[in-house]
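In: here is the input, now give the coordinates:
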Amino acid sequence: MMTLVRKRIGYQLEIADTFEYPSLASLANFIFYNLDKKFGKSLNYDVVTERGKDGVSQTDSFSFKENEASKMLMFSGQGSQKVGMCRSMKDSAEERCVFHRAEKILGYNVLDVCLQNDEELIERLKSTAFVQVALFVGCLAKIEQIKIENPHILTNINCVAGLSVGEFCALVYAGVLKFEDALEIVRKRGQVMEEEANRLSTSMASIYGPRMDQLKHYLEVNFKSLEISTYLGDNQHTVAGSNDDIDSFVDHLNTKDKESMNVVDVRKLRVAGAFHSIYMKKATVVVDPLIDAVEFRKPCTPVLMNVTGSFSEDTNDIKEQLKKQLVEPVQWRKTLVSAYESNVRQFIEVSPSRVLTSIVKNRISDCDGCLTDFLEV
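Out: Model (predicted):
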């Protein structure tokens, strides 16, 4: 009985971690950060403390000491934002420089907004337009801090990827896009996605339990208008569509179809729109010309793309995949498996919240035993 209870709590905490439901996330963080390090060592796990003395996330890793395997950098997408993000960067000259560069384009300073009182920031974090810009600038500012204060973390990076808007961070890190060019696209991307979300009555749901083929068949038979928008893990996905259909989908899988579909958890997400689906088609009319207008360079670090989950080094191919990203599902599971097959054994997440590392450790069987590190933005 206790085992079943522990498993159920574990499922809830992992889903909360992935999609940021504050009360559960707070509990998860409390438990995680108060584990005895000796306990972690005995299990051969990595233990990450929330803050080092200099404000940078610190990691004690207990494997690959002598022959360190390749690393992958992962930049998170919308849903990882939280009150408190970016605040650790206020005293770092390197990071402030990134925020000032962004201010010249945005007309406001992302860091200054993040330093507002919690109530004001909570309202800003409801905006897709602001969140996408804040994640992009904040994550790349964090990289600049790491380059100066803990450069060893970025040694032996074998590849890089980002989920949704995080893909723009990955392309800047890899040298494919210039910071300013990418920010212009991200700024407009967030605006038009928010406009489309307000114009259309759409949303998304997360579902954990069914296999991909099982879920696809279920949608084809019961909810033809719904689309899988993100393939997160072996049996974790997001589904996009109209509000009414999403509500019905969640209701069915929480009741009459729960057992037959092996559902562990299904819920409507707190995001304003059916992203990575055909419902974002009009947004591409605005975003695509911006992508076409900027220079794409060959990656200095191998990049895994959202649309295929595969490596691409051809600049035209990268550009075309980036244009498809708004209306096609994110192949995140395939992205992680591709990284693993290229000898990545350590996955490093750059994000305000622990989202992508949770997927690596708990949702991708191919990645069993891999190390995960978290650099908090």
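In: below-threshold pLDDT in this protein: ranges please.
Out: Applying pLDDT under 70 to the chain flags the ranges 1-68.
In: show me how it divides into domains.
Out: Structural domains annotated on the chain: 35-198+278-376, 201-268, as defined by automatic domain parsing.
In: the stretch 201-350 of the chain: strands as residue ranges?
Out: Along the stretch 201-350 of the chain, the stretches classed as strands by DSSP state E, counting those that start in this stretch are 202-208, 227-231, 236-242, 265-268, 303-304, 311-312, 344-351.
In: distance to residue 101 and mean neighbour count added to those strands, as a markdown table?
Out: Every residue, glycine included, has its C-beta placed from N, CA and C. Shown next, in a markdown table, are the strands of the stretch 201-350 of the chain (distance: least, C-beta to C-beta, whole Å; neighbours: other C-beta atoms under 10 Å):
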| stretch | distance to residue 101 | mean neighbour count |
| --- | --- | --- |
| strand 202-208 | 32 | 23 |
| strand 227-231 | 30 | 22 |
| strand 236-242 | 33 | 25 |
| strand 265-268 | 37 | 18 |
| strand 303-304 | 22 | 25 |
| strand 311-312 | 27 | 18 |
| strand 344-351 | 18 | 25 |
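In: shouldn't residue 226 be in contact with residue 250?
Out: No: between residue 226 and residue 250 there is no contact, the gap being 10.9 Å when judged by C-beta atoms under 8 Å.
In: quick one, what contacts the residue most central in space within the chain?
Out: The residue lying closest to the centre of the chain (C-alpha atoms, centre = their mean) is residue 76, at 2.6 Å. When contacts are counted by C-beta atoms under 8 Å, 6 or more residues apart in numbering, residue 76 is found next to 135, 139, 162, 163, 166, 349, 350, 351, 352, 353, 355, 356.
In: tell me the one among these nearest to residue 191.
Out: Of all these, the one with the least separation from residue 191 (C-beta to C-beta) is residue 135, at 14.6 Å.
In: need the phi and psi values for the closest one.
Out: Listed backbone geometry of residue 135 is phi -70, psi -40, with angles given as degrees, to the nearest 10.
In: give the contact list for it.
Out: Residue 135 makes contacts with 75, 76, 77, 78, 80, 81, 165, 166, 169, 351, 352, 377, as judged by C-beta under 8 Å, 6+ apart.
In: let's go with 10 Å and repeat that
Out: The neighbourhood of residue 135, defined by C-beta atoms under 10 Å, 6 or more residues apart in numbering, consists of 75-81, 85-86, 110, 162, 164-166, 168-169, 186, 190, 350-352, 377.
In: so who does residue 312 touch?
Out: With C-beta under 10 Å, 6+ apart as the criterion, the residues that contact residue 312 are 176, 299, 302, 303, 304, 305, 318, 319, 320, 321, 322.
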